[in-house]
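**Q** Generate coordinates for the sequence data below:
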Amino acid sequence: MLREFRVDLHIHTCLSPCGDLTMLPTGIVRQARMKKLDIIGISDHNSSENAAAVRKAGEKEGLYVVGGMEVASREEAHVLAVFDDPDALKEIQGIIYNNLTGENDEKYFGEQIVVDENDEITGVNSRLLMGASDLTVEEIVQIIHRLGGLAIASHVDKEVFSVISQLGFIPENTAFDALELSPNYKFRMSGQEPGGSEYKRYGFPHVSFSDAHYLEDIGRSYTYFVMEEPGIEEMRKALRGIGERSVRL
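**A** Next up is the predicted model:
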């Protein structure tokens, strides 16, 4: 039986150097529940090391949490990689780390804190997570799909760090599962017909998530997924409109 889920797949934790230090698992889950979200995704910059902690915290509160990361390509375009298979997430994490160079400067970029499901600090990531990997957009999407995940072009309407801002176009052979519109763009579209933006011409479904770096931003934008149950495969079917499944902003 199909039902409607409120979904926000773009949430950063205290692991992202630009993420607030209050972005801890229990706080994220509590805020998501307060905003009546059904599914959230953890998508720190170039790392998934806090995804399992938030997932465990979510299980305690009945919130479905998928893991992922926001990968920066060689062109400095951001791509959301979303998984519900921990082994696949671990594998892509290794690939990204092998293609990421440099060390973080905490004074310049911010701290990169690794925590457990109880918000206890377990480590600090010293990699330059704000840096760009040595993988192209096309390569990143191919890797995500090979491992069974969803590949979503991040905030395509932004003037920096989006596929369109960095490349000027969406590569013809890059099969994104969806294009993410930023919260501000979604609000500007309020009252328009679904899919009525200038990005419709690319032929990909539209989604919008919060890109939250602070607790109060969680759920400021979300997408309705009509599907049978939580999970990547059902999300994929909803994005493709299979069996009356659908997505709407």
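
**Q** so where does residue 185 fall, helix or strand?
**A** If you go by DSSP states H and E, residue 185 is part of helix 183-188.

**Q** can you list the weak-confidence ranges in this protein?
**A** For the chain, applying pLDDT under 70 flags the ranges 189-196.

**Q** how about the helices of the protein, start to end?
**A** Secondary structure of the chain (DSSP state H): helices at 25-34, 51-61, 86-98, 106-109, 137-146, 163-167, 183-188, 232-240.

**Q** out of these, which comes closest to residue 219?
**A** helix 25-34 (6.4 Å; Cβ to Cβ). (C-beta placed from N, C-alpha, C; glycine too.)

**Q** one step back: tell me which of the helices of the chain lies nearest to residue 17.
**A** Among the helices of the chain, helix 106-109 comes nearest to residue 17, with 4.0 Å by Cβ to Cβ.

**Q** Can you mark which positions in the closest one are buried?
**A** Residues residue 109 are the ones in helix 106-109 that count as buried (16 or more other Cβ atoms under 10 Å).

**Q** Who are the packing partners of the helix holding residue 185?
**A** Secondary structure elements in contact with helix 183-188, counted by 3 or more Cβ pairs under 8 Å, 6 or more residues apart in numbering; DSSP states H and E, are strand 206-208.

**Q** Quick one: distance of the strand it packs on to the chain centre.
**A** Chain-centre distance of strand 206-208: 11 Å, with Cα atoms, centre = their mean, to the nearest Å.

**Q** can you list the residues that contact it?
**A** Strand 206-208 is contacted by residues 7, 9, 152, 178-183, 185-186, 194-195, 197, 199-200, 221-223, 239, 247, 249 when judged by Cβ atoms under 8 Å, 6 or more residues apart in numbering.
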